[in-house]
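> give me the fold of what follows.
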Amino acid sequence: MTRKYFGTDGIRGEANTFPMTAELALKLGIATGRYFRKTTDKPRVVIGKDTRRSGYMLENALTAGFNSVGMDVLRLGPVPTPAVGMLTRSMRADLGVMISASHNPYKDNGIKFFGPDGFKLSDEAELAIEAMLDLDDLKLAAPEKIGRATQIDDAGGRYLEFAKTTIPRRVSLDGLKIVVDCANGAAYKVAPEALWELGAEVIAIGVKPDGFNINLDCGSTHTEMAAARVVAEGADLGICLDGDADRVMIIDEKGNVADGDQIMGLIAQTWAASGKLAGGTLVSTVMSNLGLERHLESQGLSLKRTAVGDRYVVEAMRAGKFNLGGEQSGHIVMTDYSTTGDGLISALQFLAAMVETGKPASELARVFEPVPQLLQNVRYKSGADPLTQASVIAAICDGENRLAANGRLLIRKSGTEPLVRVMGESEDEVLLKAVISDICAEMQNFA
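A predicted model of the protein is given here:
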């Protein structure tokens, strides 16, 4: 069944433009509320959000929709996405909602759902909700069964206290100077407070949200300001979160940035050494660097690859009973602690390794040498499909043969726009550039 509203991570778009309108959010609250109302006589939903101005509009519309079908709403205020997953479970809610567009600019927003187990909804549930969105019969609750809305003032504190428990009690951050960039987003209070309570000297930036500056030249997708601050302050570490704090980048004391692959590589080998890595396996996507795969193999560990998207990583983790997975972009999922990517808890795992080994961040943030990676995007005319053309297929086969055992190719279409992403890896950078260039040139004939 074709998806009309839901993408790979909920519903997302420009605020006040379809589908991110108050009207659709109201209908979404009604449809989703009806879907989950079947589970209990007193259904409840928790709603979190990041710091975008449009979050107020969508939160109010969703609340009205849920209330109108008899669901009670617990409003969490600005909290990280992983806090919504955690609190959905701990507060015994039937549904969790996060209003956020993650690392995107303020003008965008999104709505994603979590089931009562704290994990994101299945494809089947999302498709069922989509089908209900277009029904004429809304089946609203009787007046005496309309739901209530309650503000939960200590939601951030609950998550903060939980996050602190994810590192061993013997680990103290005393003596460490840490720069934390909260991207003017959802973790602007909880992340600096958690680090300070664990003993660190904290230099917090990106902690003055105004509704419009979320992810603006800061956070995990713009690490330059934090890197400069780490060096200027002589800090031991920099932590860069994104707008909803479900992803992280680490900056060492020299100002170098470690991406999700490096962080996952460190956690995997640390956990494996202590017997904690389930199945001796890390789950990541096809985008993770070949160097990570080779590093894990040298440690006697495995890398299981999935399609791009943290939901596919989590699905593979649950199916294989693995407890560590993530993406190169900094989404890192540790199902011993969280049901989705968690930037703060991932950073705490890195800090625990620093404390327990006594090594500086620069030694831990480069656990493998990345294989040179090149990515180019090719746009094509709507309705055309370059990947079905014989000449393009031949160019791809030729490129694979030329790279052979020295690298790999990954070519995939975007799920949201007429775009083909051509990615390759090889130690031979000259050959890599030539292969990617030849493939893209052939695709341009159909652009």
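
> okay, CA-based contacts and neighbour counts for the rest of this
Will do.

> CA atoms of stretch 360-378 as PDB?
In PDB, the C-alpha atoms belonging to stretch 360-378 read as follows (Å, rounded to 0.1, in the frame of the first residue of the first chain):
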ATOM      1  CA  PRO A 360      42.100  11.400  26.100                       C
ATOM      2  CA  ALA A 361      39.300  11.700  23.600                       C
ATOM      3  CA  SER A 362      41.600  11.900  20.700                       C
ATOM      4  CA  GLU A 363      42.800   8.300  21.300                       C
ATOM      5  CA  LEU A 364      39.200   7.000  21.600                       C
ATOM      6  CA  ALA A 365      37.500   8.900  18.900                       C
ATOM      7  CA  ARG A 366      39.500   7.400  16.100                       C
ATOM      8  CA  VAL A 367      39.200   3.600  16.600                       C
ATOM      9  CA  PHE A 368      39.600   2.900  12.800                       C
ATOM     10  CA  GLU A 369      40.900   4.700   9.700                       C
ATOM     11  CA  PRO A 370      37.900   5.400   7.500                       C
ATOM     12  CA  VAL A 371      38.100   4.300   3.900                       C
ATOM     13  CA  PRO A 372      37.700   7.300   1.600                       C
ATOM     14  CA  GLN A 373      34.000   7.800   0.800                       C
ATOM     15  CA  LEU A 374      32.500   9.900  -1.900                       C
ATOM     16  CA  LEU A 375      28.800  10.700  -2.400                       C
ATOM     17  CA  GLN A 376      27.200  12.500  -5.300                       C
ATOM     18  CA  ASN A 377      23.500  13.100  -6.000                       C
ATOM     19  CA  VAL A 378      22.000  13.100  -9.500                       C
END
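
> got any ranges where this structure has weak pLDDT?
Scanning the chain for pLDDT under 70 picks out 1-2, 38-40, 415-416.

> and the helices in it, which stretches?
22-37, 54-68, 81-90, 123-133, 155-164, 190-197, 224-233, 260-273, 290-298, 310-320, 343-357, 361-364, 390-403, 429-444 (DSSP state H).

> so which of those helices comes closest to Gly206?
Nearest to Gly206 among the helices of the chain is helix 224-233 (9.2 Å), distances taken as CA to CA.

> tell me what that closest one is packed against?
The contact analysis (3 or more CA pairs under 8 Å, 6 or more residues apart in numbering; DSSP states H and E) places helix 224-233 against strand 177-181, strand 237-241, strand 248-251.

> can you give me the angle that helix makes with strand 177-181?
Interaxial angle of helix 224-233 relative to strand 177-181 (axes from the mean of the first three to the mean of the last three CA atoms, to 10 degrees): 160 degrees.

> I'd like the helices and strands packed on helix 224-233 as TSV, with mean neighbour count and distance to Arg12 appended.
Conversion of those to TSV gives the following (neighbours: other CA atoms under 10 Å; distance: least, CA to CA, whole Å):
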stretch	mean neighbour count	distance to Arg12
strand 177-181	27	24
strand 237-241	31	20
strand 248-251	30	21
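
> re the thing from before, Ala149 is nearest to which of the helices of the chain?
Per CA to CA, nearest to Ala149 of these: helix 54-68, 7.1 Å.

> what's that closest one packed up against?
Going by 3+ CA pairs under 8 Å, 6+ apart, helix 54-68 lies up against helix 22-37, strand 44-49, strand 72-78, strand 95-99.

> ok, Met57 touching Leu24?
No. Met57 is beyond contact range of Leu24, at 11.4 Å (criterion: CA atoms under 8 Å).

> mind checking which of these two has more residues around it?
Counted by other CA atoms under 10 Å, Met57 and Leu24 do not tie: Leu24 has more neighbours, with 19 against 16.

> please name the nearest non-neighbouring residue to Gln191.
Small correction: residue 191 is Ala, not Gln. Nearest residue to Ala191, sequence neighbours excluded (CA to CA, 6 or more residues apart in numbering): Leu344, at 6.5 Å.

> neighbours around the one you found, how many?
Neighbour tally, Leu344, other CA under 10 Å: 30.

> and if you look at Ala394?
A count of nearby residues for Ala394, using other CA under 10 Å, gives 13.

> next: Glu442.
Quick note: Glu442 (other CA under 10 Å) scores 18 neighbours.

> the one 5 residues further on now?
Residues lying near Ala447 (other CA under 10 Å) number 16.

> please name the nearest non-neighbouring residue to it.
Ala447 sits nearest to Tyr380 (CA to CA, 6+ apart), 3.8 Å away.

> which residues does Leu160 contact?
With contact set as CA atoms under 8 Å, 6 or more residues apart in numbering, Leu160 has these partners: 190-191, 193-194.

> related to what we said a few turns ago, the helices and strands packed on helix 54-68: which one's closest to Arg12?
That would be strand 95-99 among the helices and strands packed on helix 54-68, by CA to CA, at 9.5 Å.

> that closest one versus helix 22-37: what angle between them?
160 degrees.

> show me the strands paired with strand 95-99, marking each as parallel or antiparallel.
Within its sheet, and counting by DSSP bridges, strand 95-99 is paired with strand 44-49 (parallel), strand 108-114 (antiparallel).

> pick the most deeply packed of the ones you listed.
strand 44-49 (a mean of 28; mean count of other CA atoms under 10 Å).

> give me the residues contacting that strand.
Under CA under 8 Å, 6+ apart, the answer for strand 44-49 is 55, 59, 71-81, 84, 87-88, 93-100, 186, 244.

> count of neighbours near Ala273?
Neighbour tally, Ala273, other CA under 10 Å: 11.

> if I look at the residue nearest to Ala258 when sequence neighbours are not counted, how far off is Asp41?
Spatially, and ignoring its direct neighbours in sequence, Ala258 is nearest to Ile250 (5.1 Å; CA to CA, 6+ apart). With distances taken as CA to CA, to the nearest Å, Ile250 is found 45 Å from Asp41.

> tell me the domain boundaries of the protein?
Per the record, the chain has its domains at 11-153, 155-367, 373-444, by automatic domain parsing.

> the shortest one spans what distance, first to last residue?
Read it as domain 373-444. For domain 373-444, the end-to-end distance is 21 Å (CA to CA).

> quick one: distance of it to the chain centre.
26 Å (CA atoms, centre = their mean, to the nearest Å).

> buried sites along stretch 210-227?
211, 213-216, 218-224, 226-227 (16 or more other CA atoms under 10 Å).

> please read the previous query as pertaining to stretch 53-73.
In stretch 53-73, counting by 16+ other CA under 10 Å, buried: 53-73.

> can you list contacts of it?
15-16, 20-23, 25-30, 32-34, 37, 42-47, 49, 99-100, 106-107, 109, 139-141, 145-150, 210-212.
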